[in-house]
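got a sequence here, can you model it:
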Amino acid sequence: MQCHEFDMTYFTLLPPDSTSPKAPRRGALGRVGQLLAAAATVLALAQPAGAAYVLAPQYSGDFGAGAGVDAEFHRIRNDWSGSAVLWDETNLRFGAGVPIGTFPWGTGLWGQVDWAAVQQAAAGELSAASGAIVQSFEGALPAINHANSRYSECYTATWGPAALVPFFAPAAPLGNCDNGEAGDPAQQNWTARYSGFIRITDPGEYNFSVLHDDGFFFRLIGADGAELGIGRDFLNPRDRVGFDQNLVLGEGLYGFELGAWNRAGAGVVDLRWTSGCSNGCEWTLLPSENLLTAAQVPEPSAAALVLLSLLAAWLAHPRRLSRWRRSRCSRPGV
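Numbering: from 1, shown residues only. Reported below is the predicted structural model:
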């Protein structure tokens, strides 16, 4: 079966407690079938032309420098056949038909729903990927920029260098980059997840982009749970995708989550940003001082916690509480 690559790009501007809509676009290699437009919704693209997206920080203020982000990587068996991504064999399209894992050739990772299944299995929850994970890494890393050996061999000169996924060792080069699915079998069908906080020290306009192969989603989380997001579901040609408009960000911390997956061949994911750029932007990796793990976010100070405890104890004292109740009952008309 010939492996087709599809481009489902989506931009989202999400209120709290909403689900993530997706708006598909056709890519250079994704014109073989019409994607499921009925399931696509665009919110962020409703912005007026030239407008920037405004997102207040989740935690406002001046915070100290960070040292990296929380990261986890998992690799599953190449013969895993539990993919729930739908495939319409008649029309050669994703998003309709039957689970692709039911086809003899439908092994491995095919989209975001499979990424989610791997995350559930890694967390010890029952999922379609339970028992399929063969390698894992969880820990703090200084940068968001990882790939497998096939990417490093064939595409560093074009897209830039990347560190190896932590549990991969350098593989012997194959010497021919024409085959898009070739590479070390022990470096295929892996997922990545980065999370934590992005530290903004200079308020203004920013943009973020993700280099990916095969797919990804990126969520930036601001005040009251509001989100901005971009992503590409299924399998896609290697590319860098950013927001269609700049983001106006304030000083403080923004929560984020970046998920990515690779099925076969080269695999890569990195997160870059640019400041105040509207055309011909130069993307740079986020410095480690602008990345914080969840553990690095300051908790309320000890003094503040003591004051809150004393106040709670004062209010909860039985004699004081009964006096407060009597005072209310003595008011006229109560």
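
contacts, neighbours, all on C-alpha from now
Will do.

my guess is residue 214 meets residue 267, correct?
Yes: with contacts counted by CA atoms under 8 Å, residue 214 reaches residue 267, the gap being 6.6 Å.

overlap in contacts of those two?
Here residue 214 and residue 267 share the contacting residues residue 261, scored by CA atoms under 8 Å, 6 or more residues apart in numbering.

which residues of the stretch 1-150 of the chain fall in strands?
Ranges of strands in the stretch 1-150 of the chain, per DSSP state E, counting those that start in this stretch, are 8-14, 53-55, 59-60, 69-76, 86-88, 93-94, 98-99, 133-141, 145-147.

to residue 296, which of those strands lies closest?
In this view, the strands of the stretch 1-150 of the chain are compared for proximity to residue 296 by CA to CA, and strand 69-76 is the closest at 9.3 Å.

just give me how far that closest one sits from the chain centre.
Relative to its chain's centre, strand 69-76 lies at 12 Å (CA atoms, centre = their mean, to the nearest Å).

so residue 85 sits right up against residue 113, yeah?
Yes: Residue 85 is within contact range of residue 113, at 6.6 Å (criterion: CA under 8 Å).

if you count surrounding residues, which of these two has more?
Shown here are residue 85 and residue 113; by other CA atoms under 10 Å, residue 85 has more neighbours (22 against 15).

what sits against the nearest residue to that one once chain neighbours are set aside?
Nearest non-adjacent residue to residue 85, counting by CA to CA, 6 or more residues apart in numbering: residue 99, 5.3 Å away. Under the criterion of CA under 8 Å, 6+ apart, the neighbours of residue 99 are 83-87.

mind running it again at 10 Å?
81-88, 106 (CA atoms under 10 Å, 6 or more residues apart in numbering).

which parts of this protein are helices?
112-122, 149-159, 302-316, 318-329 (DSSP state H).

so what touches the first one?
Contacts of helix 112-122 from elsewhere in the structure, counted by CA under 10 Å, 6+ apart, are 72-76, 82-85, 108-109, 123-133, 136, 189-193, 215-217, 231-235, 259-262.

let's see it at 7 Å
83-85, 126-130, 191, 233-234, 261 (CA atoms under 7 Å, 6 or more residues apart in numbering).

also the second one?
Counting contacts by CA under 7 Å, 6+ apart, the residues outside helix 149-159 that touch it are 161, 164, 170-171, 173, 177, 183, 265-268.

before we move on, the earlier item: in CSV: the strands of the stretch 1-150 of the chain, plus mean pLDDT and distance to residue 276.
Putting those into CSV (pLDDT from 0 to 100; distance: least, CA to CA, whole Å) gives the following:
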stretch, mean pLDDT, distance to residue 276
strand 8-14, 55, 20
strand 53-55, 97, 13
strand 59-60, 98, 20
strand 69-76, 98, 24
strand 86-88, 98, 40
strand 93-94, 96, 37
strand 98-99, 98, 43
strand 133-141, 98, 27
strand 145-147, 98, 23
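
would you mind saying which of these lies nearest residue 251?
When the strands of the stretch 1-150 of the chain are compared by CA to CA, strand 59-60 sits nearest residue 251, at 6.0 Å.

how far does stretch 168-178 stretch from start to finish?
In stretch 168-178, first residue to last residue: 22 Å (CA to CA, to the nearest Å).

just give me how far it sits from the chain centre.
27 Å.

so which bits of that stretch are buried?
Buried residues in stretch 168-178, defined by neighbour count with 16 or more other CA atoms under 10 Å: 171, 177.

now swap in stretch 283-301 and tell me
Buried, per 16+ other CA under 10 Å, within stretch 283-301: 283, 286-288, 290-293, 296.
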